[in-house]
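**Student:** From the sequence below, what's the structure:
(one chain, ligands or ions: 2)
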Amino acid sequence: MPTIHVRFGSGAYDITIGAGVLERLPDVLRAVCPASHYAIIADATVAGLYGARVRKYVAAAGACDLFRFPAGEQNKSRAQWEALADSMGDAGVGRDGAVVALGGGVTGDLAGFVAATYRRGIPIVQIPTTVLAMVDSSIGGKTGLDTRHGKNLIGAFHQPAAVIADVTLLRTLPDQHVRAGLAEALKHGAVADRSHFQRVSLLRDRLLAVDADALEEIVSRSVAIKAAVVAEDERERGRRAVLNFGHTIGHALEAVSGLTLLHGEAVGVGMVAEARIGTALGVTAEGTVAELQAGLHALGLPTTRGPVSVDRLMGAMRSDKKVRGGTVRFAFLRELGEAASDEDENWTFEAPADAVRAGLHG
Ligand code: NAD
Ligand code: MG
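**Tutor:** Numbering: from 1, shown residues only. Ligands and ions are numbered 1, 2, ... in the order given. Have a look, this model is predicted:
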């Protein structure tokens, strides 16, 4: 069972991946996250599926309570942050408490921000239960909440004390979420490791059947790629930006489609369009677009923007840029398996609006 050791400027921790690793939770908590009172945070769906089991494991390490919030991105909010922090206060979780985040990326980000801020910061252990959370959101220490101005606009960096990714928990995950999470695994291959990209396509049938060995292999490799990139650049000043490949357009598409597209689905479409733009600008190798499309098709993921108009996408990118107070920038590929940088080691590029439009038209 692979354990990936991650070392960042602000600390080091283990990410353990495999079938049945949840059983190690009591030992992990005692070893790296001792606390007098554990606050398990889960959305209602995941609490219903796995709350009792996780509670039993956590209770073996110390006193604990399970705190629930309603499932869904709209609950990655200040209102839920307040409710959770107040409930933890009522339950008597103190400075020597700790959080156990059990769930997908919404839970990881919300519980992570609770942990980052409660009593000026208490430790957290992440137990991701979606493919997306296992390969992406549980690693790297970004936590956050959405506001009416956009996603993740309030947040903090708060690295976990440990991450435990038990791939058997994915058996209950809806198929569409399995596929969408694998889009981020494809992205990791696209920016850093061509053979990983190809393995995801090759293992497609087993991955979609939630086969534990196949998932363990793909999640492990994706985690290793993300961890290596983040370790180099924890605060996203440089190369970490390559992980945003597909996301400039993906975020715009998510915003415009009113959350009818899952994040991973939108990122897949974004990768294709951004590769097209990169090719037109002479940064990305010819043929990359077709390779990306083939990988996404293999997983049954969309590759085109569907009914969303190019004008609306351009508008969404402009307002995102305003919110972020900068210019619209793209992470591009040099070719499949390698991210592009310019001669000054910049990992993001500006693109003229007409090139972006042409890329979106396909
Ligand atoms: P999610 O947490 O909402 O989970 C998706 C749905 O699946 C939810 O309805 C949930 O209740 C359900 N679910 C979760 N695990 C399940 C299981 N094992 N069985 C059955 N149902 C299950 O969404 P997500 O896709 O995991 O994460 C998306 C979020 O992650 C976004 O808010 C995004 O901004 C964030 N994110 C954060 C980072 C980061 O670095 N912090 C990176 C990528 C994405
Ligand atoms: Mg993403």
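**Student:** Could you tell me which residues of the stretch 51-200 of the chain lie near ligand 1?
**Tutor:** 71, 73, 76, 103-107, 109, 129-130, 132-133, 136-137, 140, 142, 151-152, 169-170, 172-173, 177 (C-beta under 6 Å from any ligand atom). Every residue, glycine included, has its C-beta placed from N, CA and C.
**Student:** Just the buried ones out of those residues, please.
**Tutor:** 71, 76, 103-107, 109, 129-130, 132-133, 136-137, 140, 142, 151, 169-170, 173, 177 (16 or more other C-beta atoms under 10 Å).
**Student:** Which residue ranges of the stretch 201-350 of the chain form helices?
**Tutor:** 204-208, 212-232, 247-256, 263-280, 288-298, 310-324 (DSSP state H, counting those that start in this stretch).
**Student:** How far off centre is the last one?
**Tutor:** With C-alpha atoms, centre = their mean, to the nearest Å as the basis, the distance from the averaged C-alpha position of helix 310-324 to the chain average is 22 Å.
**Student:** Stretch 279-290 now?
**Tutor:** Relative to the chain's own centre, stretch 279-290 is displaced by 26 Å; criterion: C-alpha atoms, centre = their mean.
**Student:** repeat for stretch 353-361
**Tutor:** For stretch 353-361, the distance to the chain centre is 27 Å (C-alpha atoms, centre = their mean).
**Student:** domain parsing for the protein?
**Tutor:** With domains defined by automatic domain parsing, the chain comprises 3-172, 180-361.
**Student:** Is I127 in a helix, a strand, or coil?
**Tutor:** strand (DSSP: H, G, I helix; E, B strand; the rest coil).
**Student:** ok, what's across the strand from it?
**Tutor:** Judged by DSSP bridges, the bridge partners of I127 are L102.
**Student:** Report the contact partners of it.
**Tutor:** Residues in contact with I127, defined by C-beta atoms under 8 Å, 6 or more residues apart in numbering, are L22, L25, V54, V100, A101, L102, G103, V163, I164, A165, D166, L169.
**Student:** In TSV, list these along with distance to E254 and secondary structure.
**Tutor:** TSV is the format used below for the contacts of I127 (distance: C-beta to C-beta, whole Å; DSSP: H, G, I helix; E, B strand; the rest coil):
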residue	distance to E254	secondary structure
L22	31	helix
L25	33	helix
V54	30	helix
V100	28	strand
A101	23	strand
L102	25	strand
G103	20	strand
V163	25	strand
I164	28	strand
A165	24	strand
D166	28	strand
L169	25	helix
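**Student:** re the thing from before, for D193, which of the helices of the stretch 201-350 of the chain is the nearest?
**Tutor:** helix 212-232 (6.0 Å; C-beta to C-beta).
**Student:** ok, and for that closest one, which residues are buried?
**Tutor:** 212, 214-227, 229-230.
**Student:** So which elements touch that helix?
**Tutor:** On a contact count with 3 or more C-beta pairs under 8 Å, 6 or more residues apart in numbering; DSSP states H and E, helix 212-232 meets strand 3-8, strand 11-18, helix 175-192, helix 194-202, helix 204-208.
**Student:** can you tell me the residue of the stretch 251-362 of the chain closest to ligand 1?
**Tutor:** H263 (5.5 Å; C-beta to the nearest ligand atom).
**Student:** State the number of residues packed around the nearest residue to that residue once chain neighbours are set aside.
**Tutor:** Spatial nearest neighbour of H263, excluding adjacent residues (C-beta to C-beta, 6 or more residues apart in numbering): E254 at 6.1 Å. Per other C-beta atoms under 10 Å, the neighbour tally for E254 reads 23.
**Student:** Which residues are in contact with E254?
**Tutor:** L261, H263, A266.
**Student:** Most neighbours among these, please name it.
**Tutor:** A266 (28 neighbours).
**Student:** That one reaches S257, doesn't it?
**Tutor:** Yes - counting by C-beta atoms under 8 Å, A266 sits close enough to S257 to count as a contact (7.1 Å).
**Student:** quick one: the helix or strand where G112 lies to chain centroid distance?
**Tutor:** If you go by DSSP states H and E, G112 is part of helix 105-117. Using C-alpha atoms, centre = their mean, the distance from the centre of helix 105-117 to the centre of the chain it belongs to is 13 Å.
**Student:** picking that back up, mean pLDDT added to the helices of the stretch 201-350 of the chain, as JSON lines?
**Tutor:** JSON lines is the format used below for these (pLDDT from 0 to 100):
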{"stretch": "helix 204-208", "mean pLDDT": "98"}
{"stretch": "helix 212-232", "mean pLDDT": "94"}
{"stretch": "helix 247-256", "mean pLDDT": "94"}
{"stretch": "helix 263-280", "mean pLDDT": "98"}
{"stretch": "helix 288-298", "mean pLDDT": "98"}
{"stretch": "helix 310-324", "mean pLDDT": "85"}
